[in-house]
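>>> 3D model of this:
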Amino acid sequence: MSATLRTGEDSGGPHGEESRNSLEYVPGPMSDDNTSSEPKAMGSISGGGAELSHEELFKLGWSHCRRFRRFGELDDIEKAIEYGTRARDLTPEDHPDWPLRLEDLGILYNERFKRLGESENLQTAIELQCRALELTPDGHPELSDRHGSLGVSYTDRFRHRGEFSDLEKALEHNSRALELTPDGHPDLSRRHASLGVSYTDRFRHRGEFSDLEKALEHKSRALELTPDGHPNLPDRYFNLAISFLDQYDRTGDLPHIHQALDSFRRASKLSTGAPRKVFQNALNWAKTAAQRSSLNCIEAYHATITLLPQFIWLGSSTAQRYQDLKTAQNLAIQAAYAAILHPDPKLALEWLEHARCVVWNQSLMLRSPLHQLHSSYPDLASRLQLISKQLHAASSESTTSRSLASGSDDPEHMGRRRRSLAKEYDDLLGQARRLPEFEDLLQPMKASALVRAARNGPIVVLNCHNTQCDAFLILPRQSDISHLSLQDFTEEKARNARSEIEASLRRQRLRERGFRIKQDPEEIDRFGSVLAVLWKSIAKPVLDCLGYTNNHSPDNLPHITWCPTGVMSFLPLHAAGDYDQPQARLFNYAISSYTPTLTALLASIPSSLNHNARILAIGQANTPGHTSLPGTSKELECLKAHTQNVAEYSQLRDNQATTAAVLDAMERHDWVHLACHAHQNVQDPTKSGFFLHDGTLDLATINQRSFKNKGLAFLSACQTATGDEKLPDEAIHLASGMLMAGYPSVIATMWSVKDDDAPFVADKVYGQLMKVGKVGNGEAGKALHYGISALRDNVGEKEFGRWVPYIHIGS
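Numbering: from 1, shown residues only. Sure, this is the predicted structure:
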């Protein structure tokens, strides 16, 4: 029996399909099921549908359900349940449609269960569907529907709870649904598919070969009855692939594995299905193939990553795209590891770049200049750029901010407009790519282009798999990529290191600037042991490979830019060292910077200072609701002194520093320094932000901006480079937000900084930078390196909580 795909992963089949014939997905362009033809009630509803009849509410609810199944926006299934509930409540119990209302509301609750995994939704679904079945007499034309939808819900509960009685009920209802469906009926294919999946579940539960034979029989019949071009055809193939795989595991006959591979291919490449479902098929194929060389995991991962832009679609809100990415968590890491084993390090590098920081890369794509297209096709380029700008704004804006800005734009209108813009953008981009010489316009970069990011020194890309860690070394002016296996480090070790650091930070209260640091020798030892592991397992092997361990010249250190992936994004690699041994410290051999992606470095433009350059400083010594930060006053005084006769200096302090004033001032200035409180929002990372006088300047607001010709952003606050642990590869933190907004070089913190240390570090950094007069070619990283060196000399090398949090990100 197959051990690679458990029964729950087979749900892309009939139990993920529409449960009523009228609800089947209708293929079309990536818009609201052809936005212009949406039910009128969806576009014209006012006052929450107070004037609608139960029939109209029923239709409106299913319109939202269809859209939920296509785009995955949770708000749609909530509205569907709201309207479905009201439709039921307005339907008299003696009305012929009363059982239908119960059944359909049950289906909606099951949809919400599939999304949220909350047991009470599934329980409600079954109760409603059982009641609907009780009220449906023998001979009723919808009796097969009642059994079919109940069979789906019992199947889902079996997979959720593992109780065999639920599987028996699923088989009973799916069998009865098939018996009641006459030959030639359009639902016959789905009935066979549902029953086939139930037999698969029983085969995997009991191991009886006869159940596998029945599963194959019904799934094959379902496929035969599904016409070409049908939206559920990819799911038919996927379910059949699972049974062919089970058959191979039982018999060992090679033809079965070939049949499984062919079915997986079709399930992942047919364009007739909903993009979300086809992506899930490809992802499940890749997960299965990663354990079976005969299923061609390279092809499977290629199909999955190619489908990623359709799944993480620009027509969805930023919040929805981040939510969807949780489904594809670790895709880049798993795909890269498969490419390493292939072995193809260039492909591994490309996949790490394309399947990580997906929302970031989409934002960069929307803001990319189109100079070459402008030269040849100016009208098309202008239109594409205009739509890109509008789509970037529409995708970044939160529902709240947009609604406040314009009372006429309700969330429904906002979503409709965003999807319409995304559809037009896709069409224009497709039109451009059909032109000679523009086939690769805004396509993901190949490794040959990505390696050009190593302008200021080597880049070390780290892929941390549960089996081993691998480093890709990219050197300046070299097209080859060196691969270094770090077999002494794994994802589990990275998680343990991260957990140890987090526990230490909590115990020392290192989560907000201005807190008093607790001195504890045991904490120092724990932290030091983590840094020693990073030194022995990662930093030292990389330095040896680069030939840097013989370099002891502190005045001419090479500059390494680290690009960690997954949980390694939370680890302080720059501080790696065995602090009980002499010279065993990374900072003795190299300057360290970080980058979320190689594309971020390629997109950066160096910035020089002159007397016309403008530097903005924001200081919040007393923020309402937070501890006072007297050090910010001294910090701004240092900055003002260093910029005298070098650049034009402006500052906004305390009640001057409102969110609107700061954003407007950032537009007019080249560099920005923020000395204030900040926080990382765990529930919604896009709401992480800087605490200013009148509120929070959050990441979502910053990401709406597209600043031009900016330089350094110095974020002298806490947690400005703390990402989202649920999406470690998306770089959702304030530092990356500043990079995305147009600052090529950012100094940030991984946790809190001592209020007394911040002015000291700022003084050293700006003293160095004002001499150099520019950033964007590693200058900020070098300045921070020497500033932190001075801080270590001042407070002690083992005061890790004070000097380790400072990092440089970017170029």
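
>>> hey, where'd the helices end up in the stretch 101-250 of the chain?
With DSSP state H, counting those that start in this stretch, the ranges of helices along the stretch 101-250 of the chain come out as 119-134, 143-161, 164-179, 188-206, 209-224, 233-251.

>>> possible to save the ones you listed as TSV with mean pLDDT?
As requested, these are exported to TSV (pLDDT from 0 to 100):
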stretch	mean pLDDT
helix 119-134	98
helix 143-161	97
helix 164-179	98
helix 188-206	98
helix 209-224	98
helix 233-251	97
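
>>> mind putting these in TSV, distance to Leu531 and mean neighbour count included?
No exception for glycine: its C-beta is placed from N, CA and C like everyone else's. Putting those into TSV (distance: least, CB to CB, whole Å; neighbours: other CB atoms under 10 Å) gives the following:
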stretch	distance to Leu531	mean neighbour count
helix 119-134	43	19
helix 143-161	43	24
helix 164-179	51	20
helix 188-206	46	24
helix 209-224	53	19
helix 233-251	45	24
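
>>> Just tell me which of the ones you listed ends up closest to Ser63.
Closest to Ser63 of those is helix 143-161 (CB to CB; 18.8 Å).

>>> Taking helix 188-206 as reference, get the angle to the closest one.
Counting by axes from the mean of the first three to the mean of the last three CA atoms, to 10 degrees, helix 143-161 points 30 degrees away from the direction of helix 188-206.

>>> before we move on, back to that, JSON lines for the helices of the stretch 101-250 of the chain, including distance to Phe311?
Output for the helices of the stretch 101-250 of the chain, formatted as JSON lines (distance: least, CB to CB, whole Å):
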{"stretch": "helix 119-134", "distance to Phe311": "24"}
{"stretch": "helix 143-161", "distance to Phe311": "22"}
{"stretch": "helix 164-179", "distance to Phe311": "29"}
{"stretch": "helix 188-206", "distance to Phe311": "23"}
{"stretch": "helix 209-224", "distance to Phe311": "24"}
{"stretch": "helix 233-251", "distance to Phe311": "13"}
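
>>> low-scoring stretches of this protein, by residue?
Across the chain, the ranges flagged by pLDDT under 70 are 1-50, 397-409, 509-520, 552.

>>> report the longest helix in it, please.
Ranked by residue count and defined by DSSP state H, the top helix of the chain is helix 411-433.

>>> Please name every helix or strand in contact with it.
helix 40-44, helix 378-396, helix 399-405 (3 or more CB pairs under 8 Å, 6 or more residues apart in numbering; DSSP states H and E).

>>> buried sites along that helix?
The neighbour-count check on helix 411-433 (16 or more other CB atoms under 10 Å) flags 414-426, 428-429, 432 as buried.

>>> got the angle for it vs helix 378-396?
With the same axes, to 10 degrees defining the directions, helix 411-433 sits at 150 degrees from helix 378-396.

>>> Could you check which helix or strand contains Val533?
Using DSSP states H and E, the element containing Val533 is helix 521-534.

>>> Can I get that helix in CSV? Just the C-alpha atoms.
Provided in CSV are the C-alpha atoms of helix 521-534 (Å, rounded to 0.1, in the frame of the first residue of the first chain):
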residue,chain,number,x,y,z
PRO,A,521,25.3,34.2,32.5
GLU,A,522,23.3,31.1,31.7
GLU,A,523,21.5,33.0,28.9
ILE,A,524,24.9,34.1,27.5
ASP,A,525,26.0,30.5,27.4
ARG,A,526,22.9,29.3,25.7
PHE,A,527,23.1,32.0,23.1
GLY,A,528,26.8,31.4,22.6
SER,A,529,26.2,27.7,22.0
VAL,A,530,23.8,28.5,19.2
LEU,A,531,26.3,30.8,17.6
ALA,A,532,29.0,28.1,17.9
VAL,A,533,26.8,25.7,16.0
LEU,A,534,26.3,28.3,13.3
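
>>> Pull the residues that contact that helix.
489, 493, 497, 500-501, 503-504, 507-508, 571-573, 575-580, 798-801, 804 (CB atoms under 8 Å, 6 or more residues apart in numbering).

>>> Mind listing what's buried along it?
For helix 521-534, a neighbour-count test (16+ other CB under 10 Å) marks 523-524, 526-528, 530-534 as buried.

>>> Not counting sequence-adjacent ones, nearest residue to Lys269?
The spatially closest residue to Lys269, leaving aside those adjacent along the chain, is Ala303, at 6.3 Å (CB to CB, 6 or more residues apart in numbering).

>>> How about the contacts made by that neighbour?
265, 268-269, 282, 285-286.

>>> Among the residues you listed, which one lies nearest to Asn361?
Asn361 lies nearest to Ala282 out of those, by CB to CB, at 19.2 Å.

>>> Show the contacting residues for that closest one.
So Ala282 contacts 267-268, 300, 303-304, 307 (CB under 8 Å, 6+ apart).

>>> hmm, 6 Å instead?
268, 303-304, 307 (CB atoms under 6 Å, 6 or more residues apart in numbering).

>>> okay, which residue is most central for the protein?
Nearest to the geometric centre of the chain sits Leu325, at 3.7 Å (CA atoms, centre = their mean).

>>> and that residue, what is it in contact with?
Leu727.

>>> tell me the phi and psi of it?
Per-residue torsions, Leu325: phi -60, psi -20 (degrees, to the nearest 10).

>>> just Cys563 next, same as before
The phi/psi pair for Cys563 (degrees, to the nearest 10) reads phi -120, psi 80.

>>> tell me, how many neighbours does it end up with?
By other CB atoms under 10 Å, the residues close to Cys563 number 27.

>>> repeat for Arg452
Neighbour count for Arg452, taken as other CB under 10 Å: 15.

>>> so what's it closest to, chain neighbours aside?
Among residues not flanking Arg452 along the chain, Leu602 sits closest, at 6.5 Å (CB to CB, 6+ apart).

>>> My read is that that neighbour contacts Arg455, right?
No: the pair Leu602 and Arg455 does not pass the contact test of CB atoms under 6 Å, sitting 8.9 Å apart.

>>> just to revisit the earlier point, wasn't the residue nearest to Arg452 part of a helix?
Yes: secondary structure of Leu602 (DSSP: H, G, I helix; E, B strand; the rest coil): part of a helix.

>>> Please tell me how far it sits from Thr686.
For Leu602, the distance to Thr686 (CB to CB, to the nearest Å) stands at 25 Å.

>>> So if I had to pick from these two, which one is more boxed in?
Thr686 (22 against 16).

>>> give the contact list for the more buried one.
Applying CB under 6 Å, 6+ apart, one finds that Thr686 lies in contact with 699-700.

>>> Give me the three-state assignment for it.
helix.

>>> before we move on, back to that, of the contacts of Ala282, closest to Ser119?
For these, the nearest to Ser119 is Thr304 (29.9 Å; CB to CB).

>>> Now that closest one. Nearest residue, chain neighbours left out?
Nearest residue to Thr304 in three dimensions, chain neighbours excluded: Ala282, at 4.1 Å (CB to CB, 6+ apart).

>>> What helix or strand is that neighbour located in?
Per DSSP H and E: helix 275-289 holds Ala282.

>>> so how far is that helix off the chain centroid?
17 Å (CA atoms, centre = their mean, to the nearest Å).

>>> following it, which helix or strand comes up?
Next helix or strand after helix 275-289 toward the C-terminus (DSSP H and E): helix 297-311.

>>> Next, the buried residues of that next one.
Neighbour count says helix 297-311 has 297-305, 307-311 buried, by 16+ other CB under 10 Å.

>>> That one versus helix 275-289: what angle between them?
Using the same axes, to 10 degrees: helix 297-311 against helix 275-289 is 160 degrees.

>>> Distance from helix 297-311 to the middle of the chain?
Relative to the chain's own centre, helix 297-311 is displaced by 15 Å; criterion: CA atoms, centre = their mean.

>>> Leu473 belongs to a strand?
Yes: counting by three-state DSSP, Leu473 is found in a strand.

>>> pretty sure it contacts Ile481?
No: assessed by CB under 6 Å, Leu473 is found out of contact with Ile481, at 7.1 Å.
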